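the amino acid sequence is not available; the structure is as follows:
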């Protein structure tokens, strides 16, 4: 049976990048759920990034303020509309694959589409890993940017430490009257199973997307075993739609896709690089004082997970991200 290898493919870099981004967006639960929303302005900022720059500034309008005035014949005072900017980490990641990993694609298929689909799946997983790192950085430690959006019931006596309706509602209430901004919950598979046992998971089939979507108390569920677990204590995150700005770009000089062959070893390679932003709106990324992990020019997930790299620049009610730290087994007492 015929075998297609990477060397056989006529890969047009711009077209392959388009395929890959399309597949990533199509398969991403972050995109589908609305947690991460594409921002065309972010794409332009990435594309216009000066060489050597590893962050971008996302501008925003500050809320209107000041007292209103009682109607009269006097000339009114005029306030200005203030602006600000959030610093976001520019993430540039890369991965290479060889024939042994990718190109045993059987004849009779469209190998280019097949590989683009597999690469899309790969980047979906890596984006979600980056997001988990960001969430960890926002909530870890007593000086964390979103420490006031964390409810920790893990030390509660008896079954009160187990995730359930009451402590979920208490966590939601940390947003006050802005709690309705929350819409998606990220949880570990063990947490998901615990809630199934409580019969709190409901499922709906989306005929348009042809997928099953699970809900917990009205929140769309995304299950990810990269959710933090420490000594039996789990962290579950409730996130609002549009909480993250997300987009791809291609800074000048970056080669997104390339292939090459080593004739002496009959080896074929596909290399894919991505420049993207996955940024929690209302927060500011601060580059680590000691430099990025491994001496790199760009942030790794380990850097995104550092609490010192994040600070809130908007009122917390405008940052729809809440964490619940809990257990799955009752404590003593």
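Sure, I can see it. The structure presented is a predicted model; accordingly, all values stated were derived computationally and were not measured. Numbers count the residues shown, from 1 in each chain.

what about residue 69, which helix or strand?
In the assignment (DSSP states H and E), residue 69 maps to no helix and no strand.

for it, which non-adjacent residue is closest in space?
Distance criterion C-beta to C-beta, 6 or more residues apart in numbering; nearest residue to residue 69, sequence neighbours excluded, is residue 76 at 5.8 Å. Backbone N, C-alpha and C define where each C-beta goes, glycine included.

longest helix anywhere in the protein?
The longest helix of the chain (DSSP state H) is helix 111-139.

what's the following helix or strand after it?
Following helix 111-139 toward the C-terminus (DSSP H and E): strand 150-152.

what is that following strand packed up against?
helix 165-172, strand 321-327 (3 or more C-beta pairs under 8 Å, 6 or more residues apart in numbering; DSSP states H and E).

kindly compare burial across the ones you listed and name the winner.
Comparing the helices and strands packed on strand 150-152 by mean neighbour count (mean count of other C-beta atoms under 10 Å), strand 321-327 comes out on top with a mean of 25.

what angle do that strand and helix 165-172 make?
On the basis of axes from the mean of the first three to the mean of the last three C-alpha atoms, to 10 degrees, strand 321-327 is oriented at 150 degrees to helix 165-172.

what is the mean pLDDT for strand 321-327?
For strand 321-327, mean pLDDT is 98.

for that strand, packing partners?
Under the contact criterion of 3+ C-beta pairs under 8 Å, 6+ apart, strand 321-327 touches helix 111-139, strand 150-152, helix 165-172, strand 233-240.

quick one, which of the ones you listed gets closest to residue 25.
With C-beta to C-beta as the criterion, residue 25 lies closest to helix 111-139 of the helices and strands packed on strand 321-327, at 8.3 Å.

how about that closest one: buried residues?
Residues of helix 111-139 classed as buried by neighbour count (16 or more other C-beta atoms under 10 Å): 111-112, 115-117, 119-120, 122-124, 126-128, 130-139.

chain center to that helix: distance?
Computed by C-alpha atoms, centre = their mean, to the nearest Å, the chain-centroid distance of helix 111-139 equals 9 Å.

now do stretch 151-158
With C-alpha atoms, centre = their mean as the basis, the mean position of stretch 151-158 lies at 27 Å from the chain mean.

measure that stretch end to end?
End-to-end span of stretch 151-158 (C-alpha to C-alpha, to the nearest Å): 17 Å.

average pLDDT for it?
Mean pLDDT, computed over stretch 151-158, is 96.

what of stretch 173-188?
Stretch 173-188 comes out with an average pLDDT of 95.

again, but for stretch 224-234
93.

check stretch 121-136 too.
Mean pLDDT, stretch 121-136: 92.

circling back: and of the helices and strands packed on strand 321-327, who's closest to residue 292?
Nearest to residue 292, of the helices and strands packed on strand 321-327 and by C-beta to C-beta, is helix 111-139 at 13.1 Å.

relative to strand 233-240, how tilted is that closest one?
Orientation check (the same axes, to 10 degrees): helix 111-139 against strand 233-240 gives 110 degrees.

and residue 195, which helix or strand is it part of?
Applying DSSP H and E as the criterion places residue 195 in helix 189-197.

quick revisit: could you measure the residue nearest to residue 69 against residue 291, distance?
Noted for residue 76: a distance of 52 Å to residue 291, by C-beta to C-beta, to the nearest Å.

check residue 311 too.
Distance, residue 311 to residue 291, by C-beta to C-beta: 19 Å.

show me what counts as buried in the helix holding residue 195.
Buried positions in helix 189-197, judged by neighbour count with 16+ other C-beta under 10 Å: 191-192, 194-195.

quick one: that helix to strand 321-327, angle?
80 degrees.

residues contacting the very next helix or strand once past helix 189-197, please?
Along the chain past helix 189-197, the next helix or strand (assigned with DSSP H and E) turns out to be strand 201-206. With contacts defined as C-beta atoms under 8 Å, 6 or more residues apart in numbering, strand 201-206 is touched by 192, 195, 211-216, 221.

6 Å instead, please
The contact list for strand 201-206 (C-beta atoms under 6 Å, 6 or more residues apart in numbering) reads 195, 212-216.

let me know the closest of those residues to residue 24.
Nearest member of the contacts of strand 201-206 to residue 24, counting by C-beta to C-beta, is residue 213, at 19.1 Å.

quick check, pLDDT for the closest one.
Here the pLDDT value assigned to residue 213 is 89.

for it, which three-state class applies?
Under DSSP: H, G, I helix; E, B strand; the rest coil, the three-state class of residue 213 is strand.

shaky segments in the stretch 201-333 of the chain?
209 (pLDDT under 70).

isn't there a helix covering residue 21?
Yes: assessed with three-state DSSP, residue 21 lies in a helix.

okay if I get the contacts of strand 201-206 as CSV plus distance to residue 42?
CSV is the format used below for these (distance: C-beta to C-beta, whole Å):
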residue, distance to residue 42
195, 34
212, 31
213, 27
214, 29
215, 29
216, 30
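
contacting residues around stretch 77-91?
Residues contacting stretch 77-91 (C-beta under 6 Å, 6+ apart): 54-62, 66, 276-277, 279, 284-285, 299, 313.

mind giving me the ChimeraX select for those, buried ones only?
Selecting only the buried entries of these in ChimeraX, with 16+ other C-beta under 10 Å as the criterion:
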select :54,55,56,58,276,277,279,284,285,299,313
